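Below: sequence and its predicted model.
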Amino acid sequence: MPRRPARVTQADISRAIRAAKETDAAEVIVDTDGVIRIALTSSARSRSRSKIDLGEIWTPSEALARRLNGTESG
């Protein structure tokens, strides 16, 4: 039986933890469906809104874009 692809990767979790630390979040939750939730405290919410840079747009890497589009062979 072939291995199924990971729903969440170590890199995804690392990014979530790094973002949580930046905002002083209360906790990071990864559920069995691979959904990552960052629980903010009330003080972290007010501070994170003031730090938002609307000029920055996240774009996925080429490898992730291929994976999301289902065109990666392997």
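That came through fine. Since this is a predicted model, take the numbers as computed values, not measurements.

Skip ahead from the helix or strand of the chain with the lowest mean pLDDT and say which helix or strand is next.
Across the helices and strands of the chain, mean pLDDT, DSSP states H and E gives its lowest value to helix 42-51, namely a mean of 57. Sequence order places helix 62-69 as the next helix or strand after helix 42-51, per DSSP states H and E.

avg pLDDT for that following helix?
Helix 62-69 carries an average pLDDT of 79.

in what helix or strand does Arg18 lie?
helix 10-22.

any low-confidence regions in this protein?
Within the chain, the stretches with pLDDT under 70 are 42-57, 71-74.

hmm, 90 instead?
Regions of the chain meeting the criterion pLDDT under 90 cover residues 1-9, 19-74.

tell me which residues of the following helix or strand past the helix holding Arg18 are tucked away?
Once helix 10-22 ends, the next helix or strand along the chain (criterion: DSSP H and E) is strand 27-30. By 16 or more other CB atoms under 10 Å, the buried positions in strand 27-30 come out as Val28. The way it works is simple: take the backbone N, C-alpha and C, and place the C-beta from them, glycine included.

again with stretch 8-17
Ala16.

Output it in PDB with nothing but the alpha carbons.
What follows is stretch 8-17, C-alpha atoms only, in PDB (Å, rounded to 0.1, in the frame of the first residue of the first chain):
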ATOM      1  CA  VAL A   8       0.500  19.000   7.100                       C
ATOM      2  CA  THR A   9       4.300  19.100   6.800                       C
ATOM      3  CA  GLN A  10       7.000  19.900   9.300                       C
ATOM      4  CA  ALA A  11       7.600  23.200   7.400                       C
ATOM      5  CA  ASP A  12       4.000  24.100   7.800                       C
ATOM      6  CA  ILE A  13       4.100  23.600  11.500                       C
ATOM      7  CA  SER A  14       7.400  25.500  11.800                       C
ATOM      8  CA  ARG A  15       5.900  28.500  10.000                       C
ATOM      9  CA  ALA A  16       2.800  28.400  12.200                       C
ATOM     10  CA  ILE A  17       4.900  28.200  15.400                       C
END
